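Undergrad: I would like to see how this sequence folds:
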Amino acid sequence: MFKSLTIRFAALGALAALGLVLTLYSRSRADATPAPEAPSIHVCPEVLSAMQDAGQPDPDTKSFKRPYSPYAGRNYPTRPFFGETHMHTAKSLDAGAFGCSIMPPEAYRFAKGEEILSSTGQPVKLSRPLEFMAVCDHSDNMGFITDLKAGKPELLADPLGRKWYDMIQAGNGNDAAIDIIMSFGAGKFKGPILYSPDSASYKSAWLGTVKAAEDANEPGRFTAIIGFEWTSNTGGNNLHRNVLFRDNGDKASLIVPFTVLPPGSDNPRDLWKWMKACEEKTGSTVLAIAHNGNLSNGMMFPMIESFTGKPIDKEYVETRAKWERLYEVTQIKGDSECHPLLSPNDEFANFERWDKGNLDLSVAKKPEMLEFEYARSAFKNGLKIEKELGTNPYKFGLVGSTDAHTGIMSIEEDNFFGKTSSSEPSAERTQKAFLKNPRTGLTIMDWEQTASGYAAVWAQENTRASLFDAMQRRETYATTGSRMVVRFYGGYDFEPKDAGHRMPAEIGYAKGVPMGGDLAAAPPGKAPTFLVAAMKDPISGNLDRYQIIKGWMDAGGALHEKIYDVAVSGGRAIDADGRCKTPVGNTVNVEDASWTNTIGGPELIAVWKDPEFDPAQRAFYYGRVIEIPTPRWTAYDAKRFGIKMPKEAVMTTTERAYTSPIWYTPAK
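TA: Model prediction:
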């Protein structure tokens, strides 16, 4: 059993900490023992591929001699880029109705660090700029809401168009937006209010989105990714995907996005067909990122396909695996890593749950739906599907994003501007219902919104191509709002001493594969070993623990999971069962919305070996890093507005990160 190696930095200033974060695990200590003479460094195939994709020189061989400078010749990602793959602006049908006035150009300026005025007239600025962002406005009826709000006559001649216009003009944009969402799910968009992708208005709106991204894109400094959201929502069941383009506007402008309403489809199979046709027509490369399985009522990760009522087949699993390399596991509409009913032994599973029903709360949640909604259970079911059909459709990496409909990517707990413009900061927002279905009686309150999350991407450089290629190889992780830096490597030869190295990435790539990778068949007598490392966000809470979650399928086909605490702060013990039973503590002063970093630690690093490995069993492993408790955004609202929160409102949080898994497949 390996104890964590925790290094505490006394009086570490925020600026100094930021410098450390930016070079995390790439600095050697000034007093380190001199390195032995010219060791060879193996560059793994994934990194060689990434170098080629990013336009880097391809070394003649897979090894090279170490120069004096430890930073020279590094051919692997040395820092994560933090960003957003799911931002809505005033061009989205529902966002505009909710009151958003921020258009894509302004959304990009905000993401780059500019201070702007929100749709409710409030000054807002990020604590630190983002490094990339994709504006993904809804593809259906793109351009409609801006025309409706402008009072376009043919739209006002339609009864529904007139109804929504009058509601918005009367200050009831929130109700109008909910009615628009429900009408969309019920297929009521017809006639003049249906903006077909072949219409001039639609095409103009799409080209405007592409141009905004082109204008904002600054390779090496800020990447503006072109994208859109395909919003399958039949029956109120969330099957949404964001589609991202690897390439520039000259290719993205050759097509129009795929929609759900005619001539589109609500079936993911048809989206995948469109993606294939898009690549063939434009020469671009695209990927799809699903989100909010927690609001799909059991449809997001099926074993039985909802559109056919039959078991998923070989075509389904192969096609999904090709196009959907990532999953958005955390965002404002709740966290989708796991659920306490599915993982009763996981004390951190009860986190930011939205589990009352589907997206519009038209159908209440049933326990049997949960298995097909959460990432961890999808990872497990994927092992079984792979054995039966030869491909794992749920072999995806993890990212977080916001799904904010404000044009403002502001999800830090002390700077949370909400899901919609009607949820921007006010003394009243936590007292209101975010969504209420009068037929079912189900309600989600505004205070239940989750201030989350970020996509962290281990790319070679900050460009469209490099970020996209890292997403394709799943070298990504999600955070719920903190910019902690997380590494995760798997192999068969990591040793305890590797955890003492100040450049563990060098060892990680040399001896194993990074997050998102695959372990080769186990050599005789060996079990997987993992090198894990994390460093705190310099302006967030200290770290509590680094966990590895393992899932596997036994010889009888039964699926299992187990959590291991592999590195913990504060000198606490990890018991023989792999768990630390001693809580890290809690310093949060809810009344003052404050905390102290006198518990936890700034850094965790360890090597862990699977103690129960069976080389004949399919398995996956992923990392989860937990911060110490800190104030939730509701605590900041209570203090700043001098209000009393509803007694059921949650006032503290434990920010966390989820890495993409590493998979193990037995030899055939």
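Undergrad: could you pull out the strands for the stretch 501-650 of the chain?
TA: Taking DSSP state E, counting those that start in this stretch, the strands of the stretch 501-650 of the chain run over residues 512-514, 518-519, 529-535, 543-553, 559-568, 603-609, 619-627, 630-631.
Undergrad: Adding distance to Lys112, mean neighbour count and mean pLDDT, write these out as JSON lines.
TA: From N, CA and C alone the C-beta is placed, and that goes for glycine too. Below are the strands of the stretch 501-650 of the chain laid out as JSON lines (distance: least, C-beta to C-beta, whole Å; neighbours: other C-beta atoms under 10 Å; pLDDT from 0 to 100):
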{"stretch": "strand 512-514", "distance to Lys112": "28", "mean neighbour count": "25", "mean pLDDT": "98"}
{"stretch": "strand 518-519", "distance to Lys112": "36", "mean neighbour count": "17", "mean pLDDT": "98"}
{"stretch": "strand 529-535", "distance to Lys112": "25", "mean neighbour count": "25", "mean pLDDT": "98"}
{"stretch": "strand 543-553", "distance to Lys112": "29", "mean neighbour count": "24", "mean pLDDT": "98"}
{"stretch": "strand 559-568", "distance to Lys112": "35", "mean neighbour count": "21", "mean pLDDT": "98"}
{"stretch": "strand 603-609", "distance to Lys112": "29", "mean neighbour count": "24", "mean pLDDT": "98"}
{"stretch": "strand 619-627", "distance to Lys112": "27", "mean neighbour count": "25", "mean pLDDT": "98"}
{"stretch": "strand 630-631", "distance to Lys112": "26", "mean neighbour count": "23", "mean pLDDT": "98"}
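Undergrad: Dump the ones you listed to CSV, plus distance to Ala252.
TA: As requested, the strands of the stretch 501-650 of the chain are arranged in CSV below (distance: least, C-beta to C-beta, whole Å):
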stretch, distance to Ala252
strand 512-514, 29
strand 518-519, 31
strand 529-535, 36
strand 543-553, 37
strand 559-568, 40
strand 603-609, 41
strand 619-627, 32
strand 630-631, 39
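Undergrad: which stretch among those strands comes nearest Ala224?
TA: Relative to Ala224, the nearest member of the strands of the stretch 501-650 of the chain by C-beta to C-beta is strand 512-514, separated by 25.8 Å.
Undergrad: and that closest one, what does it pack onto?
TA: Applying 3 or more C-beta pairs under 8 Å, 6 or more residues apart in numbering; DSSP states H and E, we find strand 512-514 packed against strand 485-491, strand 529-535.
Undergrad: let's see it at 7 Å
TA: strand 485-491 (3 or more C-beta pairs under 7 Å, 6 or more residues apart in numbering; DSSP states H and E).
Undergrad: what distance separates the strand it packs on from the middle of the whole chain?
TA: 17 Å (C-alpha atoms, centre = their mean, to the nearest Å).
Undergrad: Quick check: mean pLDDT of that strand?
TA: Here strand 485-491 scores 98 as its mean pLDDT.
Undergrad: Check which helices and strands it sits against.
TA: helix 504-511, strand 512-514, strand 529-535, strand 619-627, strand 656-659.
Undergrad: 6 Å instead, please
TA: On a contact count with 3 or more C-beta pairs under 6 Å, 6 or more residues apart in numbering; DSSP states H and E, strand 485-491 meets strand 512-514, strand 529-535, strand 656-659.
Undergrad: Model confidence for the residue nearest the centre of the chain, exactly?
TA: The centroid of the chain falls nearest to Gly400 when counting by C-alpha atoms, centre = their mean (1.7 Å). Gly400 carries a pLDDT value of 98.
Undergrad: if we can go back for a sec, let me know which of the strands of the stretch 501-650 of the chain is the nearest to Ile289.
TA: Of the strands of the stretch 501-650 of the chain, nearest to Ile289 by C-beta to C-beta is strand 619-627, at 17.1 Å.
Undergrad: what are the pairing partners of the closest one, and which direction each?
TA: strand 543-553 (antiparallel), strand 656-659 (antiparallel), strand 662-664 (antiparallel) (DSSP bridges).
Undergrad: who touches the second one?
TA: So that's strand 656-659. 329, 337, 398, 477-480, 484, 486, 488, 515, 622-626 (C-beta atoms under 6 Å, 6 or more residues apart in numbering).
Undergrad: got it, and the longest one?
TA: The set of residues external to strand 543-553 that reach it, using C-beta under 6 Å, 6+ apart, is 379-380, 383-384, 532, 534, 536, 559-569, 584, 600-601, 604, 617-626, 628.
Undergrad: partners of Ala478 in the sheet?
TA: Ala455, Tyr658.
Undergrad: who touches it in this structure?
TA: Taking C-beta under 6 Å, 6+ apart, one finds Val329, Thr330, Leu398, Val399, Gly400, Gly453, Tyr658 in contact with Ala478.
Undergrad: The fourth one - that's part of a strand, no?
TA: Yes: counting by DSSP: H, G, I helix; E, B strand; the rest coil, one finds Val399 located in a strand.
Undergrad: Verify the contact between it and Val329 for me.
TA: No: counting by C-beta atoms under 6 Å, Val399 stays clear of Val329, with 7.2 Å between them.
Undergrad: just the strands in the stretch 1-150 of the chain please.
TA: 80-87, 116-117, 123-124, 132-135.
Undergrad: Present these as TSV; the columns should include mean pLDDT and distance to Gly293.
TA: Shown next, in TSV, are the strands of the stretch 1-150 of the chain (pLDDT from 0 to 100; distance: least, C-beta to C-beta, whole Å):
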stretch	mean pLDDT	distance to Gly293
strand 80-87	98	14
strand 116-117	98	32
strand 123-124	98	30
strand 132-135	98	20
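Undergrad: out of those strands, nearest to Ala635?
TA: strand 123-124 (19.2 Å).
Undergrad: which outside residues touch the closest one?
TA: Residues contacting strand 123-124 (C-beta under 6 Å, 6+ apart): Glu115, Ser118, Ser410.
Undergrad: Burial check on the residue nearest to Phe417 when sequence neighbours are not counted, number of neighbours?
TA: Using C-beta to C-beta, 6 or more residues apart in numbering and skipping residues adjacent in sequence, the residue nearest Phe417 is Ser410, 4.3 Å away. Residues lying near Ser410 (other C-beta atoms under 10 Å) number 22.
Undergrad: how far away is Ser410 from Glu131?
TA: 16 Å (C-beta to C-beta, to the nearest Å).
Undergrad: Then Ser201?
TA: 33 Å.
Undergrad: Of these two, give the one with the bigger neighbour count.
TA: Glu131 (21 against 16).
Undergrad: Next up, the contacts around that one.
TA: Phe81, Phe82, Gly83, Asn462.
Undergrad: Count the residues that sit near the second one.
TA: I take that to be Phe82. 21.
Undergrad: All further residue positions should be reported with the first residue as 464.
TA: Yep, numbering from 464; the last one is Phe545 now.
Undergrad: Confirm that the residue nearest to Phe880 sits in a helix.
TA: No: read with three-state DSSP, Ser873 is coil and lies in no helix.
Undergrad: That one and Ser886 touch, don't they?
TA: No: look at Ser873 against Ser886 with C-beta under 6 Å: they stay out of range, at 11.6 Å.
Undergrad: re the thing from before, now flag whichever of the contacts of strand 586-587 is closest to Glu778.
TA: Distances from Glu778 to the contacts of strand 586-587, taken by C-beta to C-beta, are shortest for Ser873, at 41.5 Å.
Undergrad: Right, I'll leave it there.
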